[in-house]
Every structure is written in structure tokens, then in C-alpha cells.
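Visitor: Build the 3D model from these lines:
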Amino acid sequence: MQPDATSPVDDPAPARDRLLLAAAQLLEGGDRSFSTRAICDLAGVTAPTLYHHFGSKQGLIDAVIHHGFTQYVSSAGSPELSDDPARDLRDGWDRHVAFGLEHPNFYALLYGNVEPGRPCAITGPATDMLVRLLDEAARRGLLRVPPVEAAAQILAANVGVTLSLITQPGQRRDTRLSVRVRDAILDSVLTPTRTPEPGTDERPRATPAIALLAALDQDPAGLTPGELALMRELLNRIGD
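Guide: Numbering: from 1, shown residues only. Alright, predicted model coming up:
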């Protein structure tokens, strides 16, 4: 259990760590407009100490968000597919939503404060992890669309659902919304997992091209740069 956010942090840890803990407590408590003085009083330090370590209050908040999200990404484990990629992606989706609902104020700061034309650097590792999973799915012939496009669709839906659920009062929160959107978006990017009828192939025409592209990215197979460029151009046309 965390210390009461109204009581000073009683901790012999270095001042930088106490500032991070104090800011995290205030953020988790739902106070996004806390003052520099409130942080310093809670951490048991003076304002110059905060500026020395983080430059500004916003610098401290950014450090808290970065630290928290890094822990979340690390807890997710290595991006490896099992024999059921759809289940792996569903589990990843559910972990993302659960993280947002467990830390709503933190999540809202992370994904709700956007700057036009500037992707969030903090969430980059999570995006990269998803793309690596989808690269492997593509090599297995399981994607309808290229991995980067699939990742963009999944993340847009995943973040949107999580923010929507955060805004719903807890007692009226419709968790079925996440399941419905999750299944719909994964069905749209993954090829069917059931065995097709004899004489039919339910995979889109683009799927083999996407699989070969992903394989070439991993291993150019001795092709020259010119041959590789030509092959990628042809496969991208088929994949589109």
C-alpha cells in the first residue's frame, strides 16, 4: 500500500527517488494540477532540489510517466508468439486495458495529452514490441495487412477503448465494449484460424505477399540490393 498522499514521504532514499514517489502519489490520487510546493513538501525537499534533478515540475512528471510505463512494458515480457497468435494479441490487448483502468490518471496523462505531429516517445517501446509480434505473425502467413498497418489499427482501437472505459463511472462501466472491439479489430487484421473448406482458400491475396515481405526483412536470402528493392516493390503492390 502506498503512503497517504497528504503525508510527507518518510524514506531515507535519495532526494530524486523521493520526488518521483511523491509525484506518483499525487498523480495516482487524481491531482493533475498539484503545485511544485506540494511535491516538495511531500518529498521533504526544497524547490531547488527538484529543479536540480528534473529541470521543472513537468520534467518530473515526464520522468514519473516514463518510469511507470517502462515498468509496464518490462512486465509484459518478451514479444514472442505462441502457437496461437490470436490469443497472444488478445492477452496483450487485455493487459493494456487493465493497466489503464488500474492507473487511470497516469494513463490519461500518457495517452490523453498529445501534441500534433509528435508521436509519444515514451510509448514507443510498446509499439515496437507489438510490431515485432506482428512481424512474426506475418512470416507465418497470418496477417491480412502489413505488420505496421496492423499495429496502427490495433493500437488506435486499444487506446480509444481504454480511454472510453476510463471516462465511464465504475459501477456502469461496460467491459464488454473492450471484448467486442478487440475481437472485431483482430478479426480484421488476422487471417481465419479455422480450416477452410476443401478447394477454397479464405486467405486474402495479399497474405502470401505480406509473409514473404516479412521473411525478406529478416533474411534477404542472398539478393543484391537492387533485386531486394525490386522484390519489395512488387510485393508491396500485391500487398496493397
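Visitor: show me where the protein has helices.
Guide: Under the criterion DSSP state H, helices of the chain are mapped to 15-28, 36-43, 47-54, 57-75, 85-102, 104-112, 124-139, 147-167, 176-189, 206-218, 225-239.
Visitor: Return the member of those having the minimum mean pLDDT.
Guide: Lowest mean pLDDT within the helices of the chain: helix 206-218, at a mean of 65.
Visitor: Quick one, which of the helices of the chain gets closest to R118.
Guide: Set against R118 and scored by Cβ to Cβ, the helices of the chain come closest in helix 124-139, at 11.7 Å. Every residue, glycine included, has its C-beta placed from N, CA and C.
Visitor: Could you name the helices and strands sitting against that closest one?
Guide: Helix 124-139 sits against helix 57-75, helix 85-102, helix 147-167, helix 206-218, with contacts defined as 3 or more Cβ pairs under 8 Å, 6 or more residues apart in numbering; DSSP states H and E.
Visitor: now the helices of the chain as TSV including mean neighbour count and distance to R118?
Guide: Converted to TSV, those look like this (neighbours: other Cβ atoms under 10 Å; distance: least, Cβ to Cβ, whole Å):
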stretch	mean neighbour count	distance to R118
helix 15-28	21	22
helix 36-43	18	25
helix 47-54	16	20
helix 57-75	16	13
helix 85-102	18	21
helix 104-112	18	13
helix 124-139	19	12
helix 147-167	18	16
helix 176-189	16	25
helix 206-218	19	27
helix 225-239	13	27
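Visitor: circling back: export the helices and strands packed on helix 124-139 to CSV and tack on distance to L130?
Guide: Formatted as CSV, the helices and strands packed on helix 124-139 follow (distance: least, Cβ to Cβ, whole Å):
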stretch, distance to L130
helix 57-75, 11
helix 85-102, 7
helix 147-167, 5
helix 206-218, 14
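Visitor: Tell me which of those sits nearest to E115.
Guide: Closest approach to E115 among the helices and strands packed on helix 124-139 (Cβ to Cβ): helix 57-75, 12.6 Å.
Visitor: And the contacts of the closest one?
Guide: 19-20, 23-24, 27, 35-36, 39, 50, 53-54, 99, 103, 106, 109-110, 122-123, 125-126, 129 (Cβ atoms under 8 Å, 6 or more residues apart in numbering).
Visitor: Many thanks, have a good one.
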